[in-house]
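Engineer: Dropping a prediction and its sequence here:
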Amino acid sequence: MRRLNQYARAFGRRELTLAGASVVAIIVFATTSPYFATADNLATVLRNSTELLLVSLGMTLLLAMGSIDVSVGMVLGLAAIAVGRLLQAEIDPLLAALAGPLAGAALGLITGLVVVFANIPAIVATLGLLGVYRAAIFLALGGGWLSGLPTGLTTLLSSKLAGIPVAALVVAGAYGAVWAALRRTPYGPHLLAIGQSEDAARLAGITVRRTRVATFVLSGVLSGLAATFYVGTYRNVEMTIGSTLALDAIAAVVLGGTSILGGRCSLLGTALGVLLLRLLQNGLLMSGVPSLWQTVVTGVLLLTVLGLERVGSFMPSVRRAGRSV
Amino acid sequence: MTPPLLVAEGISKRFGALTALTGINLEVRAGEVLALLGDNGAGKSTFVKVLAGAHPATDGTLRMDGVPVAFSSPQDAANAGIATIYQELALSENLSIAENVFLGRELVWQVAGVPFLRRRAMQERVADLLHELDAHISDPDAPVGSLSGGQRQAVAICRALNLNARLIIMDEPTAALAVAETRKVLQLIRRLSGRGCAVVLISHNLSDVFEVADRMVVFRRGRKVAERTRAGTDHEEVVSLITGAHPDVRALEQQQS
Amino acid sequence: MLKSLAVTLSATTLLTFVSGAALAQEKRVAFVPQIVGIPYFNAMEEGGKKAATELGVKFIYSGPVDTNPVDQLQIVQNLINQGVEAVSVSVLDASSIGPVVEAAKAKGVKLFTSDSDAPDSGRALYVAQATDQGLGFTIIDELVKRVGPEAKIGIVSGEATASNLNTWIQFMQERAKSQYPKLTLLAPQFAGGTAQRASQIATDLMAANPDLKAVIAVASSTCPGVGQAIETAGKVGKVIGTGYCSPNTARSYIKSGAMGFTVLWDPGALGYLTVWAGKQLIDGKTPAASNTIPGFSKPVTYDAKTGVLLLGDPAVFTAENVDKFNF
Ligand SMILES: Nc1ncnc2c1ncn2[C@@H]1O[C@H](COP(=O)(O)OP(=O)(O)OP(=O)(O)O)[C@@H](O)[C@H]1O
Ligand SMILES: [Mg+2]
C-alpha cells in the first residue's frame, strides 16, 4: 500500500496522461508518415528537445515557487553570445562551454535580486528585464549575427560517452540533480512551502529571499547550459535568439502538471511535456500539416489538459497525486 | 523566586497611522495557561506576533528569564523556545506531515557541504509526537491539505512540540473544530502545561477558556484592560470586561479619553 | 533617457557636420538609415561614401540607435532644418513621414526614400533594392540551374504574418507554376524568428521527404538553421540550402557546401545608387528611363510613373564571390 502510494506520487495521473498522449501521437504519426517512427527521426526529436528540456527544468522550479521568469530566452541569448565570443577568440571549447552556465548564473542572480529585493511581482519584473536583456543582446551583437562559429564545441557536445550522447547525459544529470535537491534536501520542502504561501514559509523560519534568489540563479544556470548546447548545435547566435523560448517552456511545464500558482511541481511531467510538444511539432510537420495548424494543435492540447485537470480536481485522487517531484 | 518565563513591558505596535497595541505589560510563567481575550480587532493576534518575532514592536521590551531579548524573525523566537500556532494556520498544504513539522528546521546530515534530509529520523520523530498527542492519522505521508481541521491542528502542535518550546502560543486553535476535536486540543493544552510548558491561548470561546486557563488577560482597542485568575472571576464578569460594560473598564476608558 | 541623449548627440554631430559643409559650399546628400551600427546599413554607408567622393558631393550618414520611428523623424527634421540639399530615408513608419515631406518641400530640400519606401508620402523618388518579383523568380531560376526542373523543394519561412516574406513565396510559386511545371514546392513552414525552430523544421522536412533536393530559407533568421540542419543531417551535396541570406550569415554554410548560393542585393551598390539619385535631384534632373552608372554592369531603370529607381536584378552570392561582401 505504502509503496504503491509512493509510486503514484512519482508517476501521477498527469504523467500517465502525457505518456499516454505521447504513445497515441507516435502511433497516429506512424500511420500518417512512413518516416516518422524511425530511430533516426525519434533521435532527432530528442536531440531537438535538449535546450527546451533544460530551460523548462528551471521554469518548473520557478513556477513551483510561485514565481515566473519570462526573460529566460534572453538569458539564453546573452549566455550564447558569451559562449560564441569565446569560441571566436579560439578559447578551448570546454572552457567556452562552461561560460554558458556561468553567464546564466550571473544573469539569474541579477534577475533574482531585482525580483526579490525590488519586491515587484515576478512577471512584471522579468518582463522589464526581458526588454533590458534584449537591448543588451542587440548591443552585444552590434546588429550583426555571430555565425559560422568554430566547430570545436559542436564536436565536443555531439560526442558520446560510453555510447550515450553527451547531451542526454547532461540533461539526465540536470534532472537527477534537481530531483535529488527537491526530494533529498531541505530545498524541496522550502521551495514548495514558498510556492504555497510566502508568508507561511517566512513564519516557519525559511529564509525566503535567499531561497528565491537561489532558485533564479539555478534557473539561470540551466538556461546558460541550454545556451551552450544552442551554440554547439547551431554555431550561430541570431538577433531573435530565444524569442519564443519562455512561452514554450511555460507551456511545457504547465502541461507537465506544475501549478502556475505555485506549491506543486513535477519534473517528470515537465520532461514529458517537452517531449510531447516536440513530438507534435515533428509529427505534424512530417504529416504535411500546415504550420498554422501546428500551433493550433499545441494550443488546443494545452487547453484540453488544463481543462481536464479542472474537471479532475474534484476527484480526491488528483489532489493526492499532486505533489510529486 | 525564579523570574517569570517571559515579561512584556510597555509593548506598543503601530501600523502606519493605526495603533494596534499601546503599552502592554504582561507576564507569562512557566507551566501556566494564560488566556488572551478581547473583541475582534482588539490586538491579540498582533501582540502574539510580536512575541513570536513576526512583527517587531514599535516600542517596549521583552525579557525572557529576566534577560532582554529582541526577535528579528520567527526563527529567532523559535530558537529562544517560543513556538507559535498562528490563527491563519501556517501549514503548507502540499507538504507531508513530517515536512510541515520540520519545515525550516529539517534534520540533515552534511555530505560535502550539501545538507541531505534525514527522512527516516524525521518520520520517526513525527510518529512519536503524533502518538504522544494521541492523534490518529492513518497515512503520515499524506499532504497536510488532505487532513481534517483537527488533524491539522495536531500537526501544528507537533511542530510546536518539536521545537522543545518553553512557551507555546496558540491563536484560536479551536475556532474551526468540532466538539470532539476541540476536547482533544484542550486536553493537549493541559498536557503541555503539565510538562512545564507555558501556553498562551487566544480564544473567543469562554467555556473553553474557563476549562483550561489559569489566568486571563483582556485586551480592548490595543490596551490591556484587565487581568484575572480563573478562581477570581466568572463568565459574566469576563464578558463585561470584553464588551467594555464593566465599570473598571469604563472608568479606565473615561480617563484615557 | 539614453535614447534622447543619443538623439541629441547625433543631432549635435550633425550640426558640426552641416556647418562645416555649408562653409565649403559643397552640395550635401544625407541618408538616414532605420538604425545605425548594423552591418547592412554600414555597407550602405560605405557605398554612399564611395559615390560621394566619385560624384563630388558631401555625404551625411545619421540615424536612430534603435528602430524608433519618432527618433528617425526627428533626425530627418533636423537635416531639413539645416537645409541639407537632398535627404534620403529608409523609412521606418510610412504613415508618419508625410509632414516632414511637406516641411522639406517648403524648404526646397529634396526628400526621397531608399531601401524602404513610403509610396503615398509625396517623396521625390524611391531607390529600390530589388523587386519582390525579382527576388522570388531569381531564387527559383538559380535553384533549377542546380537541381533541375523536376526537383522537390522545401520552404522555411519566418513569421506567418510577415507580408514581404509571403509575397516572395507567392512569386516563387508563380515562377514554378509558369516555367517549371514539374517542380514540387512543398507548402511553406513557418519557424518564427529562431534558428532553432528553423533547423528543426528543415531536419523534419528532409526526414519526411527523402527525395528532397533543396530547402529555401525565406526569412534571414532562418538561414543558419537551414544550413545547420543540412550539415547535421549529413546531407551536404544531396540537399542544397539557399535563401535570402546575407553573406555574413551564410558564409560558413556556403563554404561547407550546405548552402549552394543565397540571393539578396548588394547594400553597398544600393548606397551608391542612393547618393547618385540625390545628386541627380540636386542638379534638378529626374533619372532617365535607363541610366548608365559608373561601376554598374547593367543600366539602372527608372519608372517615372511610380518614381521607383531600381537597383537591378538581385545579387547571387556563391562560394566564388561571398568573401567580397561584408554585411
Ligand atoms: N499587518 C497589519 N497591517 C496593518 N494593520 C494591521 C495588521 N495586522 C493587524 N492590523 C490591525 O491591528 C488591529 C488589531 O488586529 P489583530 O489581528 O491583532 O486583532 P485580534 O484581536 O487578533 O482580532 P480577532 O479576534 O478578530 O482575531 C486591527 O485593527 C487590524 O486591522
Ligand atoms: Mg486574531
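Structural biologist: That came through, no problem. Computed from a predicted model, the values in this text were never measured in an experiment. Ligands and ions are numbered 1, 2, ... in the order given.

Engineer: Give me the below-cutoff pLDDT ranges for chain B.
Structural biologist: Counting by pLDDT under 70, chain B has low-confidence residues at B:1-2, B:89, B:257.

Engineer: In chain B, mark out all the helices, start to finish.
Structural biologist: B:44-51, B:74-79, B:97-101, B:119-133, B:149-162, B:179-194, B:206-212, B:235-243, B:247-256 (DSSP state H).

Engineer: Give me the contact list for the longest one.
Structural biologist: Right, the one you point to is helix B:179-194. With CB atoms under 8 Å, 6 or more residues apart in numbering or on different chains as the test, helix B:179-194 has contacts from B:31-33, B:133-135, B:148-150, B:153-154, B:157, B:161, B:168, B:170, B:173-174, B:177, B:199, B:201, B:205, B:208, B:211-212, B:214. (C-beta placed from N, C-alpha, C; glycine too.)

Engineer: and of the helices of chain B, who's closest to ligand 2?
Structural biologist: For ligand 2, the closest of these is helix B:44-51, at 3.0 Å, according to CB to the ion.

Engineer: what's that closest one packed up against?
Structural biologist: Using 3 or more CB pairs under 8 Å, 6 or more residues apart in numbering or on different chains; DSSP states H and E, the elements in contact with helix B:44-51 are strand B:6-15, strand B:18-28, strand B:33-38, strand B:82-85, strand B:167-171, strand B:198-202.

Engineer: Any idea which of those strands gets closest to chain A?
Structural biologist: strand B:82-85 (7.6 Å; CB to the nearest CB).

Engineer: List of residues touching the closest one?
Structural biologist: A:203, B:6, B:48-49, B:51-54, B:71, B:74, B:77, B:153, B:156-157, B:159-161, B:163, B:165-171, B:173.

Engineer: And for residue B:50, the neighbour number?
Structural biologist: By the criterion of other CB atoms under 10 Å in any protein chain shown, residue B:50 has 25 neighbours.

Engineer: That one: what's it in contact with?
Structural biologist: Listed by CB under 8 Å, 6+ apart, the contact set of residue B:50 reads B:8, B:11, B:13, B:21, B:56-57, B:62.

Engineer: most tightly surrounded among the helices of chain B?
Structural biologist: Among the helices of chain B, the stretch with the highest mean neighbour count (mean count of other CB atoms under 10 Å in any protein chain shown) is helix B:97-101, at a mean of 27.

Engineer: now check it, is it near chain A?
Structural biologist: Yes - judged by CB under 8 Å from any CB of the partner chain, helix B:97-101 comes into contact with chain A at residue B:99.

Engineer: Dump the C-alpha coordinates for that helix into PDB.
Structural biologist: Presented in PDB, the C-alpha positions along helix B:97-101 are these (Å, rounded to 0.1, in the frame of the first residue of the first chain):
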ATOM      1  CA  ILE B  97       3.100  16.000   7.900                       C
ATOM      2  CA  ALA B  98       6.800  15.400   8.600                       C
ATOM      3  CA  GLU B  99       7.800  18.100   6.100                       C
ATOM      4  CA  ASN B 100       5.500  20.500   7.800                       C
ATOM      5  CA  VAL B 101       6.600  19.600  11.300                       C
END
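
Engineer: what distance separates that helix from the centre of its chain?
Structural biologist: 19 Å (CA atoms, centre = their mean, to the nearest Å).

Engineer: elements contacting it?
Structural biologist: Counting contacts by 3+ CB pairs under 8 Å, 6+ apart, helix B:97-101 packs against helix B:119-133, helix B:149-162.

Engineer: circling back: need the max-distance pair from the contacts of residue B:50.
Structural biologist: B:8 and B:56 (13.5 Å; CB to CB).

Engineer: Compare those two (neighbour count), which wins?
Structural biologist: residue B:8 (22 against 12).

Engineer: Mind checking what secondary structure the nearest residue to residue B:95 once chain neighbours are set aside has?
Structural biologist: In space, and not counting its chain neighbours, residue B:95 is closest to residue A:189: 5.4 Å by CB to CB, 6 or more residues apart in numbering or on different chains. At residue A:189 the chain is in helix, as set by DSSP: H, G, I helix; E, B strand; the rest coil.

Engineer: how near is residue A:189 to chain C?
Structural biologist: From residue A:189 across to chain C, the span is 36 Å (CB to the nearest CB, to the nearest Å).

Engineer: who's in contact with that residue?
Structural biologist: B:92, B:95, B:99, B:102-103, B:106.

Engineer: same thing but at 6 Å, please
Structural biologist: B:95, B:99, B:103 (CB atoms under 6 Å, 6 or more residues apart in numbering or on different chains).

Engineer: quick revisit: dump the helices and strands packed on helix B:44-51 to CSV, plus distance to ligand 1.
Structural biologist: Shown next, in CSV, are the helices and strands packed on helix B:44-51 (distance: least, CB to the nearest ligand atom, whole Å):
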stretch, distance to ligand 1
strand B:6-15, 3
strand B:18-28, 3
strand B:33-38, 5
strand B:82-85, 13
strand B:167-171, 7
strand B:198-202, 7
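
Engineer: Let's have the ones you listed in TSV, adding distance to residue C:234.
Structural biologist: Below are the helices and strands packed on helix B:44-51 laid out as TSV (distance: least, CB to CB, whole Å):
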stretch	distance to residue C:234
strand B:6-15	69
strand B:18-28	73
strand B:33-38	78
strand B:82-85	66
strand B:167-171	69
strand B:198-202	74
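
Engineer: Figure out which of the ones you listed is closest to residue C:70.
Structural biologist: When these are compared by CB to CB, strand B:6-15 sits nearest residue C:70, at 45.6 Å.

Engineer: What pairs with the closest one, parallel or antiparallel?
Structural biologist: Sheet partners assigned to strand B:6-15 using DSSP bridges are listed as strand B:18-28 (antiparallel), strand B:59-64 (antiparallel).

Engineer: Of these, which is nearest residue A:231?
Structural biologist: Closest to residue A:231 of those is strand B:18-28 (CB to CB; 56.2 Å).

Engineer: for whichever helix or strand residue A:82 is part of, packing partners?
Structural biologist: Per DSSP states H and E, residue A:82 falls inside helix A:72-88. For helix A:72-88, the elements it packs on are helix A:93-117, helix A:122-141, helix A:208-234, strand A:236-237, helix A:245-255, judged by 3 or more CB pairs under 6 Å, 6 or more residues apart in numbering or on different chains; DSSP states H and E.

Engineer: same thing but 10 Å
Structural biologist: Applying 3 or more CB pairs under 10 Å, 6 or more residues apart in numbering or on different chains; DSSP states H and E, one finds that helix A:72-88 makes contact with helix A:50-64, helix A:93-117, helix A:122-141, strand A:146-147, helix A:152-157, helix A:208-234, strand A:236-237, helix A:245-255.

Engineer: Noted, bye for now.
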